[in-house]
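**Q** Kindly generate the corresponding structure for this input.
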Amino acid sequence: MELTVADIARATDGHLRAGSPDVRATSFAIDTRLLEPGGCFVALVAERDGHAFIPDAWARGAAAVIVTRPVAAPPGPGAVVEVADGLTALAALGRLARARLARAQVIGVTGSAGKTATKDLTAAAIGTTRRVHASPASFNNEAGVPLTLLSAPLDTEVVVAEMGARFAGNITALSDIARPQLGIVTHVGLAHAGHLGGPAGVAQVKGELIAALPADGVAILNADCPFAESLAARSAARVVRVGHAADADVRVSDVALDDELRPRFVLDTPWGRAAVQLSFHGEHHAQNAAMAIAAAVEVGVPLERAAAGVAQARSAALRMEVTHTEAGVTVINDAYNSSPTSAAAALRALGRLAVRGRRVAVLGEMLELGDYGPDAHAELGSLAARVGIDLVVAVGDAARPLAATATAAGVGVLEAADPCRAITLVTAYVRPGDAVLVKASRGVGLDGVAAALAEAPA
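**A** A predicted model of the protein is given here:
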């Protein structure tokens with residue numbers, strides 16, 4: 001979306017400190033590595049001070065920068081807008097973008113697990129017949145949602161916006177910016193439970209999306225989630241329940257996996273029946289795809305086209321990526337993030353994978369679980385035994401309860417203090433025919449284990 005510097009200053013209550021108000025910004029970024037020539041760089045102050053990267057922004061061809069304190073004059077014709085707060089300014093620009101997308105429908109996607117996959121599947125299902133724009137990567141926070149709207153072309157018909165939350169009120173604020181007409185809650189679990197007060201607190205916050213929907217909107221809920229009815233009660237919108245339950249409005253059945261863990265299933269809906277095949281890996285993606293198809297049909301995509309769309313979707317990086325190394329090892333790289341729900345789904349997937357050798361799970365800490373953390377990690381160790389894992393490599397101190405329950409259940413266990421040690425242990429242990437799952441919260445940094453396995457010589 002293209003905005004003049006005058007538009008930017010007006011929307012943000014900012015002051016033009018340098019350059020012409022007629023300068024046009026053709027894109028927006030908070031990371032100079034993602035900044036396109038002609039774009040606007042928003043210098044946020046967080047763990048790192050974005051003002052330190054303004055010279056890089058100019059070097060990369062920025063047309064404008066948004067700052068919160070005086071900075072050096074631009075080296076060329078670029079413009080500088082000074083605002084009181086960067087995030088507040090970005091939210092205001094998101095509202096402006098949403099106003100200019102007034103004819104577009106917005107679908108909000110939230111949940112404890114599966115947000116990004118469901119967002120991508122929804123965009124693929126809708127994109128078969130309509131102009132759709134979706135959050136890039138996991139742009140799901142107070143910066144990501146405005147950037148999603150700002151990056152949407154003006155002729156967009158449907159925006160699919162992923163919405164995350166770490167604290168109460170986050171999704172309400174995001175909904176105020178994006179004004180979704182449809183909302184999807186994939187699942188309520190323990191992700192961020194340490195901040196949100198357990199499953200009930202998580203449900204309360206995820207339900208902020210459902211509460212924000214207009215009366216003529218649609219809430220798409222997981223029929224198999226124990227919080228589905230309490231979420232439905234918060235909505236003025238029509239509710240569509242999707243899941244395996246016999247009374248689901250859109251019902252998933254006959255799920256089967258191929259040798260690469262790609263699910264196929266049957267979907268019974270008010271609009272007819274469809275056979276669905278996915279390229280995503282893992283049985284749990286059948287539920288995500290079913291919710292995506294329901295959303296697509298609700299915005300006018302024929303059922304058969306929506307089903308064909310999800311079949312063409314590809315998963316994001318580090319999310320249930322299944323690869324085969326030159327050394328003959330199958331690697332399931334699911335190291336982007338982790339929660340009790342997604343970790344359990346990944347373990348079950350490893351347990352169902354046909355392998356000639358052994359099944360190895362490299363599991364690190366699931367962050368932000370608070371007091372629920374020890375029990376949640378311990379349950380993963382028990383699950384590893386139930387699904388037939390041969391070896392667990394538990395990474396970090398917080399994974400010790402996992403190691404203890406896995407050991408007690410008869411699973412082989414190796415403990416690693418950090419990812420570097422995990423690499424040493426795993427590369428020394430695996431041999432051709434083995435399968436290795438790598439799973440932890442992003443902050444643990446286990447993606448290096450998968451990379452080391454991929455680079456291991458034959």
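**Q** Residue ranges in this structure under the pLDDT threshold?
**A** 190-195, 458 (pLDDT under 70).
**Q** Is the residue most central in space within it within a helix or a strand, and which one?
**A** Note on the chain: the residue nearest the mean C-alpha position is residue 116, at 3.0 Å, using Cα atoms, centre = their mean. For residue 116, the host element (DSSP states H and E) is helix 115-126.
**Q** Name the next helix or strand following that helix along the chain.
**A** Sequence order places strand 132-134 as the next helix or strand after helix 115-126, per DSSP H and E.
**Q** quick one: strands adjacent to that following strand?
**A** Sheet pairing for strand 132-134, assigned by DSSP bridges, gives strand 158-162 (parallel).
**Q** so what's the backbone phi/psi at residue 365?
**A** When read as degrees, to the nearest 10, the backbone of residue 365 gives phi -60, psi 140.
**Q** which residues touch it?
**A** The contact partners of residue 365, by Cβ atoms under 8 Å, 6 or more residues apart in numbering, come to 338, 373, 377, 395-396, 398-399, 440-441, 444. Bear in mind the C-beta positions are built from the backbone N, C-alpha and C, glycine included.
**Q** just to revisit the earlier point, touching, the residue nearest to the centre of the chain and residue 138? I think so.
**A** Yes: if you go by Cβ atoms under 8 Å, residue 116 and residue 138 touch, sitting 5.3 Å apart.
**Q** so what sits against both of those two?
**A** Joint contacts of residue 116 and residue 138 (Cβ under 8 Å, 6+ apart) are 162, 316.
**Q** residues making contact with the helix holding residue 116?
**A** Contacts for helix 115-126 (Cβ under 8 Å, 6+ apart): 107, 109, 111, 132-135, 137-138, 140, 158, 160-164, 184, 186, 280, 285, 288-289, 291-293, 295-296, 299, 301, 305-307, 309-310, 312-316, 319.
**Q** which of these count as buried?
**A** Buried subset of those (neighbour count, 16 or more other Cβ atoms under 10 Å): 107, 109, 111, 132-135, 138, 140, 158, 160-164, 184, 186, 280, 285, 288-289, 291-293, 295-296, 299, 301, 305-307, 309-310, 313, 315-316, 319.
**Q** Please narrow those to those residing in strands.
**A** Here DSSP state E is the test, and those give 107, 109, 132-134, 158, 160-162, 184 as lying in strands.
**Q** out of those residues, which one sits closest to residue 84?
**A** Proximity of these to residue 84 (Cβ to Cβ) peaks at residue 161, which lies at 25.4 Å.
**Q** ranges for the helices of the stretch 151-300 of the chain?
**A** 170-178, 193-196, 198-212, 228-232, 285-298 (DSSP state H, counting those that start in this stretch).
**Q** ok, now how distant is residue 350 from residue 56?
**A** From residue 350 across to residue 56, the span is 42 Å (Cβ to Cβ, to the nearest Å).
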